[in-house]
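S.K.: test case, fold it:
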Amino acid sequence: MASGFRESQDYWEDQAVYEAMKNHESRYHHGRGPCNIFILDTSSSLGQEGFQQMKETFCAIIDDIDENVAVIICGRSTKFQRYYSNHYSDIKHCLDDVEFGGLTPLMAALTLAKVCLVSEVGHTKRMGDFHVHPRIIVISDGRPTDFTVISDVEDSPAYETEKDKQRVLDFSRGIGLVHPIFCIPVGSNPDLVTLEFICAQSRGGKIVYPQEARQFAKYSENLKIASLLSYTMKNDGFDCEMIMTLLTCKLPGRQFTEDDKKDIFEICSKKSLYISMEEIEAEQEAEMDYIYQEEDPNMPPLGSRVKRGPDWVWDNQDNNGPGTVIGHNKDKCVYVEWDTGSVHPYIYRSKTPFRNICRYDVIVCSEPRITKKGNIATGCLVKRGKDWEGGDKDDGFRSIGSVYRCKRNGIVYVRFPKSLIRRSDPFSPEAVEYLQDQARKTDLNSSAEDSSVDISESPSSKV
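M.R.: Sure thing, here's the model as predicted:
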């Protein structure tokens, strides 16, 4: 049995919110060290030997770790097996009664992990100049299956598709913007390419092999040592000899293994990865600045709502829902931020080689963005609020604009009919009232269409 993608996504997000609340309730068990979420593959694709290898690798890390640990199992049952704690004897035995078998809904496990990361259940640990953000550790063969399939069946290549891999890669990329993802390959035939991609697109993640598990467990200890040296390094420390000299001066008489020295140097040489959330957000926004440009008057203006067009070839990037144009480029492409938050470029009105035919990956639609809690997001319609200081830049008192960018500091960028405005107050009573009115109209329209339109085709803006 299989459910739709959106229904499965909603289910796992709701489940993740519940688990995050339970995790928060158990916060008195949390230690002060860095936070880790283990995702442990228990599916039948591992094989019995791979399943045993996974457990042994996990236990080897827990034997020597000094950090907060949460555990998610991923297989016939996908759920939090342990919430954050530093009760290692209990954590070590959390797999004793776990059943081996089933599919590998890695997308579902990552959804559970992500909500706990963004809901601040896991904290960022400050060590000297280093900001250590919660990380994810995946012990798996890297063969995800369709997470919409809920049947109690055993894993097989028939359930492993490129579409499922791509979904996991796209989703983990968003997590990896802040949080490192480490993958430990297990089983007789792990997909190293998929696991390496997951790690490489995260902030400081990498592949760790099972034989390196005990050294990997010393990450927190070696990070503390590296933080003692960080005060003398303004930037990344690429001089290995200098770092080893500093190590001897700071901790005279202490012996370090060659692996410890290697880890400490690696941490010091990548100091720029351990920056604060505010610095990460500033970096990300600066990298995105080039996108938010309106280059071509013949293309949909910024803020336009679009959906997949007649020449769509991009699988489920849009989650079968609408999005918002947030920028143009000179190659007849529009940048679209889908209501799921992902951003991709698409061809709009570009003629194909050898054929005098225009290609439309996306087309303009009239599906408004209505958020669940009335919050402002990209694609929402707004108007001037009580604190407006922009004169007539909004084209008049009653003019309605479309949000095409939301910054984390509360500033929104708005496209009004005749101009671009870079500041607006989306939380004013007038804007909220207008948004609520749009929501009421959407509900009325959807209700009127229910009798003639199949539910699977109803507007995605109906929330």
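S.K.: any regions of this structure where pLDDT drops low?
M.R.: Residue ranges of the chain with pLDDT under 70: 1-3, 26-31, 119-120, 150-151, 230-237, 350-356, 372-374, 397, 419-463.
S.K.: this structure: helices as residue ranges?
M.R.: With helices called from DSSP state H, the chain shows them at 5-25, 47-64, 88-92, 106-118, 162-176, 192-200, 213-216, 219-230, 240-250, 258-269, 277-288, 429-449.
S.K.: what sits up against the fourth one?
M.R.: The set of residues that contact helix 106-118 without belonging to it, under C-beta atoms under 8 Å, 6 or more residues apart in numbering, is 8-9, 12-13, 15-17, 19-20, 23, 37, 39, 41, 70, 72-74, 78-80, 122, 134, 136, 138, 140, 144-145, 147, 164, 167-168, 171-172, 174-175, 178-179. Every residue, glycine included, has its C-beta placed from N, CA and C.
S.K.: could you list the buried residues of it?
M.R.: 106-118 (16 or more other C-beta atoms under 10 Å).
S.K.: of the contacts of helix 106-118, grab the buried ones for PyMOL.
M.R.: Buried residues within the contacts of helix 106-118, by 16+ other C-beta under 10 Å, are selected in PyMOL with:
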select buried, resi 8+9+12+15+16+19+20+23+37+39+41+70+72+73+74+78+80+122+134+136+138+140+144+145+147+164+167+168+171+172+174+175+178+179
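S.K.: thought Asn189 was touching Glu160?
M.R.: No - using C-beta atoms under 8 Å as the test, Asn189 is too far from Glu160 to be in contact (11.4 Å).
S.K.: I'd say Leu251 and Ile225 touch.
M.R.: Yes - Leu251 lies in contact with Ile225 (C-beta under 8 Å); the separation is 7.2 Å.
S.K.: between the two, point out the one with more neighbours.
M.R.: Ile225 (21 against 13; other C-beta atoms under 10 Å).
S.K.: distance of that one from Met244?
M.R.: Per C-beta to C-beta, to the nearest Å, Ile225 is found 12 Å from Met244.
S.K.: rewinding a little: can I get the helices of the chain in CSV with distance to Glu99?
M.R.: As requested, the helices of the chain are exported to CSV (distance: least, C-beta to C-beta, whole Å):
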stretch, distance to Glu99
helix 5-25, 19
helix 47-64, 10
helix 88-92, 18
helix 106-118, 16
helix 162-176, 22
helix 192-200, 24
helix 213-216, 23
helix 219-230, 30
helix 240-250, 46
helix 258-269, 36
helix 277-288, 38
helix 429-449, 42
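S.K.: and these: which comes nearest Asn375?
M.R.: helix 429-449 (9.2 Å; C-beta to C-beta).
S.K.: who's in contact with Gly75?
M.R.: Neighbouring residues of Gly75 by C-beta under 8 Å, 6+ apart: 41-44, 98-104.
S.K.: backbone dihedrals for it, please?
M.R.: phi -180, psi -130 (degrees, to the nearest 10).
S.K.: quick one: the closest residue to it other than its chain neighbours from Leu192, how far?
M.R.: In this structure, Gly75 finds its nearest non-sequential neighbour in Thr42, 3.4 Å apart by C-beta to C-beta, 6 or more residues apart in numbering. Using C-beta to C-beta, Thr42 is found at 20 Å from Leu192.
S.K.: neighbour-wise, which of these two wins?
M.R.: Neighbour count, other C-beta under 10 Å: between Thr42 and Leu192, Thr42 has more, with 24 against 13.
S.K.: give me phi/psi at the closest residue to Ile61 other than its chain neighbours?
M.R.: Distance criterion C-beta to C-beta, 6+ apart; nearest residue to Ile61, sequence neighbours excluded, is Ala217 at 4.5 Å. Main-chain dihedrals, Ala217, degrees, to the nearest 10: phi -70, psi -20.
S.K.: can you give the distance of the strand ranked longest in the chain from its chain's centre?
M.R.: In the chain, with assignment by DSSP state E, the single longest strand is strand 343-351. On the basis of C-alpha atoms, centre = their mean, to the nearest Å, strand 343-351 sits 24 Å off its chain's mean C-alpha point.
S.K.: test my guess that the residue nearest to Gly75 contacts Val71.
M.R.: No - applying C-beta under 8 Å, one finds Thr42 not in contact with Val71, separated by 11.0 Å.
S.K.: okay, buried residues for stretch 402-416 please.
M.R.: For stretch 402-416, burial by neighbour count (16+ other C-beta under 10 Å) applies to 402-406, 412-416.
S.K.: re earlier: who's more crowded, Asn189 and Glu160?
M.R.: Glu160 (19 against 13).
S.K.: from Thr371, how far out is the more buried one?
M.R.: 35 Å.
S.K.: now the end-to-end length of stretch 293-303.
M.R.: One end of stretch 293-303 to the other measures 11 Å (C-alpha to C-alpha, to the nearest Å).
S.K.: how about it: buried residues?
M.R.: Buried, per 16+ other C-beta under 10 Å, within stretch 293-303: 294, 296, 299-303.
S.K.: how about stretch 387-407?
M.R.: So for stretch 387-407, counting by 16+ other C-beta under 10 Å, buried means 388, 393-394, 399-406.
S.K.: if we can go back for a sec, ok, which pair from the buried residues of stretch 402-416 is furthest apart?
M.R.: Farthest apart among the buried residues of stretch 402-416 - using C-beta to C-beta - are Cys406 and Phe416, which lie 16.3 Å from each other.
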